[in-house]
Every structure is written in structure tokens, then in C-alpha cells.
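Chemist: sequence and predicted structure, then a few things I'm wondering about:
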Amino acid sequence: MSITQFKNTHQVPLQESAPVAVPLGTPVAVTSTTSVERSDGVETGIWECTPGRWRRQIVAQEFCHFVQGRCTFTPDNGEPLQIEAGDALMLPANSTGIWDIEETVRKTYVLIF
């Protein structure tokens with residue numbers, strides 16, 4: 001495996017775009033992503049999401065660092081987490097809940113399957 005460097009992550013062009021899988025109202029958020037590396041049960045990349053509210057469906061453990069934007073994540077049976085550029089999260093496997101994107105967010109992420 002080669003070394004991957006994320007350089008100026010807030011400016012990297014993203015390759016894929018799609019509406020979120022489980023939107024909760026309008027506007028329907030659109031996500032864009034660039035998957036940089038995927039091997040041995042780990043995926044890394046850059047992800048962006050436009051404003052909207054939706055249910056998180058990822059079952060993998062995730063570490064992410066937000067490089068722009070503002071949002072709230074409310075885990076099922078938990079308290080809302082206010083997130084803004086500069087914040088980082090470690091989400092355990094099977095962390096479900098509601099994302100409320102207030103201002104387009106971009107993050108770098110590591111998924112552990």
C-alpha cells in the first residue's frame with residue numbers, strides 16, 4: 001500500500017454525487033465523495049454533503065475530521081452533537097441517528113469494516 005496524502009482537502013474535486021439514501025424532508029441533501037484508498041477492511045476519503053436532514057445508515061466504525069461547514073448529529077437515544085469545521089468524531093460501528101446539515105460540510109474519513 002502506498003502513502004496517501006490529503007492536500008488542501010477543502011479544495012479537492014469530488015468524483016461521485018448522489019442524494020442521501022433516507023432523506024427526512026426537504027431540501028434533500030446531496031453527498032459527494034472521493035474514495036482514496038480501500039483495502040484490508042479500511043476505506044479513506046473525502047466526503048461532502050449539502051444542507052438537509054437524513055438518517056445515517058453506515059454500519060462501519062468511522063473516524064472523521066470536518067474541514068468545513070456546520071451540522072448536528074443526533075444519535076438514536078442520545079444527545080445532539082453540534083459539529084463545525086475543525087471538529088473530529090469517532091463513531092462506533094452501528095451508530096445510527098439523524099444528520100441535520102445546516103451549512104455544506106466536508107470531512108475526511110476513515111471507515112473500518
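Modeler: Arrived safely, thanks for sending.

Chemist: hang on, Gln68 packs against Val105?
Modeler: Yes. Using CB atoms under 8 Å, Gln68 is in contact with Val105, at 6.5 Å. C-beta: built from backbone N, CA, C; applies to glycine.

Chemist: out of those two, which sits in the busier spot?
Modeler: A count of neighbours by other CB atoms under 10 Å puts Val105 above the other of Gln68 and Val105, at 24 against 15.

Chemist: what strand or helix carries the nearest residue to Pro13 once chain neighbours are set aside?
Modeler: Leaving aside its sequence neighbours, Pro13 sits nearest to Thr34 (CB to CB, 6 or more residues apart in numbering; 7.6 Å). Element membership of Thr34, judged by DSSP states H and E, is strand 30-39.

Chemist: need the residues that contact that strand.
Modeler: By CB atoms under 8 Å, 6 or more residues apart in numbering, the residues outside strand 30-39 that reach it are 1, 4, 6, 12-20, 43-50, 52.

Chemist: residue contacts, the closest residue to Phe63 other than its chain neighbours?
Modeler: The shortest distance from Phe63 to any non-neighbouring residue, by CB to CB, 6+ apart, is to Val110 (4.7 Å). Listed by CB under 8 Å, 6+ apart, the contact set of Val110 reads Val42, Glu43, Thr44, Glu62, Phe63, Cys64.

Chemist: alright, I will stop here.
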